[in-house]
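Participant: What would the 3D arrangement of this be:
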Amino acid sequence: MSLAGPVMRLVNGLRQRLLALRKPLTLGVRVLVRDEAGRVLLVRHSYIAGWHMPGGGVSKGESASDAGLRELREEAGILADGPLRVLSFHARLRPWASDHVVVLEAVRWTGTPKPDGLEIVEAAFFPPDALPPDVNRATLRRLAEILEGREAAEHW
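Facilitator: Next up is the predicted model:
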């Protein structure tokens, strides 16, 4: 039995509590990657439920595109030629934090999805019409906006 999932859930929970004390304004990224067949790359974390587009927080001194490039490499082993293309911008407002998420697209990339085994336990391409049943709801909304040409919602 691996301790990675429980340890990562504990770390994430502690991070959320620390953020609650500080009430910060944060910026995150999610990256759309499509293969030549039009399938989309999704990752499954060890500490939160469901499948998501790869992504994470933007660090101090880092651009959103640089964060997206880093997160793709760290979470899925994908190397993208940057800069990434901005698709949409969303607010994720909660009582303890004001998060904003930039959805980016990696148009040119190389590699085969390879999860790190600690934070990310699975990374794979899926046809848009055959996504796993437990895709995160916000991820489903973003994919529908992008793939069906819908207007992007203001809120995550």
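
Participant: can we go C-alpha only for contacts and neighbour counts from here?
Facilitator: Will do.

Participant: Quick check: which ranges of the protein have low pLDDT?
Facilitator: When residues are selected by pLDDT under 70, those of the chain lie in 1, 19-23, 96.

Participant: Contacts only, for the closest residue to residue 135 other than its chain neighbours.
Facilitator: In space, and not counting its chain neighbours, residue 135 is closest to residue 51: 4.4 Å by C-alpha to C-alpha, 6 or more residues apart in numbering. Counting by C-alpha atoms under 8 Å, 6 or more residues apart in numbering, residue 51 touches 42, 43, 44, 45, 132, 134, 135, 136, 139.

Participant: Dump the residues you listed into JSON lines; add secondary structure and neighbour count as well.
Facilitator: Formatted as JSON lines, those follow (DSSP: H, G, I helix; E, B strand; the rest coil; neighbours: other C-alpha atoms under 10 Å):
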{"residue": "42", "secondary structure": "strand", "neighbour count": "26"}
{"residue": "43", "secondary structure": "strand", "neighbour count": "24"}
{"residue": "44", "secondary structure": "strand", "neighbour count": "23"}
{"residue": "45", "secondary structure": "strand", "neighbour count": "23"}
{"residue": "132", "secondary structure": "coil", "neighbour count": "13"}
{"residue": "134", "secondary structure": "coil", "neighbour count": "12"}
{"residue": "135", "secondary structure": "strand", "neighbour count": "17"}
{"residue": "136", "secondary structure": "coil", "neighbour count": "16"}
{"residue": "139", "secondary structure": "helix", "neighbour count": "17"}
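
Participant: Give me the contact list for the longest helix belonging to the chain.
Facilitator: Across the chain, the longest stretch assigned as helix under DSSP state H is helix 4-22. Contact partners of helix 4-22, identified using C-alpha under 8 Å, 6+ apart, comprise 46, 47, 48, 96, 97, 118, 119.

Participant: hey, where'd the strands end up in this protein?
Facilitator: 25-33, 40-45, 51-52, 55-57, 79-80, 85-94, 97-106, 109-110, 120-126 (DSSP state E).
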